[in-house]
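Enquirer: the sequence and its predicted three-dimensional model are supplied below.
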Amino acid sequence: VCVGLRELGLQPTDDQHMLLRVVALLAALSPPCVDAWFGSMTAVDVSPSPEQIATNAVFLGGYGALGFRDGLTLGFARGVHDPIQARALYLEDDHGQAFVTLVLDVVGVGNVIRDEIRSAASLATELPMERILVASTHTHAGPDLQGMWGGIETSYRSTVVQGAVAAISRAVATKTRVTLSVGSIETGDTLGRNRRGWDYVLNTTSVLLLRSTETATVVGAFASFPAHTTILGRSNMQASGDFAGYVCRAVEARLQAPAMWINGAVGDVSVVGHGGEGFDRLARYGEVAAEQIVAAILLHERPIPSDGRLDFEAVAYTQEITNLAFVAALALGVLDEYYETVPGSLATIQTIAARVRIGEELEIVTSPGESLTRNGKEHATLVALGATIMHSSGFLSTHANCLTLCAVLHWYRVIQRNQLLMQ
């Protein structure tokens, strides 16, 4: 613990050395609360196969537009550097209230593919569609599931949908009794900074931890902090989860359990460097982020009591797309396989915002769009004092691709604020 604190720039005193050893021992030996929940976490590799790569029709999303990565270079993937994952978290309370969150290593997900996944997963698991949330890590090195950057070929689309449904189905099928706890730590500008020069950023690293009630071992970690998933630049032509995959693998190595990561209010938050370039920088960043996540657990973990309930609410509403590039692509029919607009409109889609409350200690809020810090801070003004929340905003019509922590008191006010702030 002390070594980890030094790497985070902290200098523990002698008294703190002893205290931290005790904290670490208790964390290792004692589950934080009695069993009250079912939960599980799974991952499925949905990377394009060599045959799919060879079609030159699996384009990378995030940079450029309409098939061109930098204005001159066609942006189809030349290979796969590290796995593109579909990761799923399933939670259920003692009253049968449940939901699942799927996180894909892509820049975003159009509402057609999103609902194709949700519909198939609902049939496979008997979960209502509205209880199935689809999110993305917003990596700019992942396959383009929105069509704006060239899209993906048909067989790979099937790979993604089938893999996503498999991840969700396995998470539901392998649920087990767990205890839940949540921890958070302020990270300053260690992982992200506001690129617009604003003097604030939602710089909290938070984690929801699942432990087996039978063995008290960790069986899942669901982490969040805001930073744009763009360490790899537009010159990269290899499919990659960017730092999202490296963070998950570094946390998994430390906890010996599955891990998931999702972004925060990230629209104006740039990633911070930690030495090296390209994939070497990804590895270093993943290690630094994993240290923050583990520190949040060891230093600030608190249980979600056994009498907690899981409350879920989802609201469907229409949202006009005002991004001129997307409006033009919609008008040209380029996005027809990825987006369904409201009948009679050119650039209005039906999307979803959702709120999940886990006991009194944690709330997860999702909203469409690439939220700016000011949007996340607006949501933070609506949170219950002392609660941790994972607020997640998605790219256009995904449920979520960014995650922040806050707890919402006035849910419908959030919907109204979103419609104003996303303009």
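Expert: Structure received.
Enquirer: just the pLDDT at the most centrally placed residue in the chain, thanks.
Expert: If you average the C-alpha coordinates of the chain and look for the closest C-alpha using CA atoms, centre = their mean, you land on Ile262, 2.0 Å from that point. With respect to pLDDT, Ile262 scores 88.
Enquirer: doesn't it belong to a strand?
Expert: Yes - using DSSP: H, G, I helix; E, B strand; the rest coil, the secondary structure at Ile262 is a strand.
Enquirer: for Asn203, see how far away the residue nearest to Asp115 when sequence neighbours are not counted is.
Expert: Computed as CB to CB, 6 or more residues apart in numbering, the closest residue to Asp115 that is not its neighbour in sequence is Met129, at 7.6 Å. For glycine as for every other residue, the C-beta is placed from the backbone atoms N, C-alpha and C. Here Met129 is placed at a distance of 34 Å from Asn203 (CB to CB, to the nearest Å).
Enquirer: what number of residues are in the vicinity of Ile185?
Expert: Burial of Ile185, expressed as a neighbour count using other CB atoms under 10 Å, amounts to 21.
Enquirer: need the pLDDT of it.
Expert: Reading off the per-residue confidence, Ile185 sits at a pLDDT of 89.
Enquirer: so what's it up against?
Expert: Ile185 makes contacts with 204-206, 292, 295-296, 299-300, as judged by CB atoms under 8 Å, 6 or more residues apart in numbering.
Enquirer: which SS state does it fall under?
Expert: On the three-state scheme (three-state DSSP), Ile185 is labelled strand.
Enquirer: that one pairs with what?
Expert: Taking DSSP bridges, one finds Thr205 as the beta-bridge partners of Ile185.
Enquirer: just the helices in the stretch 101-250 of the chain please.
Expert: Counting by DSSP state H, counting those that start in this stretch, the stretch 101-250 of the chain has helices at residues 111-125, 154-173, 243-255.
Enquirer: meant to ask about the stretch 301-423 of the chain, not that
Expert: Counting by DSSP H, counting those that start in this stretch, residue ranges of the helices within the stretch 301-423 of the chain are 324-332, 373-380, 411-421.
Enquirer: mean pLDDT lowest where, among those?
Expert: Looking over the helices of the stretch 301-423 of the chain, mean pLDDT reaches its minimum on helix 411-421, with a mean of 39.
Enquirer: picking that back up, tell me how far the residue nearest to the centre of the chain lies from Gln238.
Expert: Noted for Ile262: a distance of 23 Å to Gln238, by CB to CB.
Enquirer: do Pro128 as well
Expert: Looking at Pro128 against Gln238, where the rule is CB to CB, the gap reads 38 Å.
Enquirer: which one of the two is surrounded by more residues?
Expert: Neighbours were tallied for Pro128 and for Gln238 using other CB under 10 Å; the higher tally belongs to Gln238 (16 against 13).
Enquirer: how near is the more buried one to Ser155?
Expert: 20 Å.
Enquirer: ok, Arg254 next?
Expert: Summarising the geometry, the distance separating Arg254 from Ser155, computed by CB to CB, is 36 Å.
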